[in-house]
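A.B. asks: Kindly return the folded structure for what I paste below:
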Amino acid sequence: MAPDDKPLVWLSDVVKSPPFSKDARLEAGFLLRKLQKGLKLEMPHSRPMPAIGERCHELRVVDIKTTWRIICRIDPDAIVILDVFSKKTRATPQSVIHRSRKRMREYDDATK
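C.D. replies: From the prediction side, this is the model:
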């Protein structure tokens, strides 16, 4: 990691094989690395998630049998990973939204 890169703060499961395939794990790492370097991602790789909070995004990683989502918040000093899950429907499950909001609040309270 270069000195100017933002660290990843994992508040959820890590991306590993299995359950991710090797290619999906590499794709997830590639996308997260771009965020660490301060690059902005757009569709189809990322979409904003204002329902969760400001600066929150959903990264999309297509795998062999499923599509993975990584919910993250892009802070000035870190990339905060709020949740990692396989998405089976068009809408983000409410349980994921609530869990991500809760983790974000706990992280903010702990880092104040």
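
A.B. asks: low pLDDT regions in the chain?
C.D. replies: 1, 16-18 (pLDDT under 70).

A.B. asks: give the contact list for Pro76.
C.D. replies: Pro76 is in contact with no residue at all, counting by Cβ atoms under 8 Å, 6 or more residues apart in numbering. C-betas here are computed from N, CA, C, even on glycine.

A.B. asks: so the closest residue in space to Pro48 that isn't next to it in sequence is in which element?
C.D. replies: Among residues not flanking Pro48 along the chain, His57 sits closest, at 5.8 Å (Cβ to Cβ, 6 or more residues apart in numbering). Assignment of secondary structure by DSSP states H and E places His57 within strand 56-62.

A.B. asks: Name every strand pairing with that strand and say which way it goes.
C.D. replies: strand 46-48 (antiparallel), strand 67-74 (antiparallel) (DSSP bridges).

A.B. asks: which residues are contacting the last one?
C.D. replies: Contact with strand 67-74 is made by 6, 12, 15, 20, 24, 28, 31-32, 35, 49, 52-62, 79-87, 92, 96, 100, 104, as judged by Cβ under 8 Å, 6+ apart.

A.B. asks: ok, now how distant is the closest residue to Leu8 other than its chain neighbours from Arg47?
C.D. replies: When the adjacent residues along the chain are set aside, Leu8 lies closest to Ile79, with 5.2 Å between them (Cβ to Cβ, 6+ apart). For Ile79, the distance to Arg47 under the criterion Cβ to Cβ, to the nearest Å works out to 16 Å.
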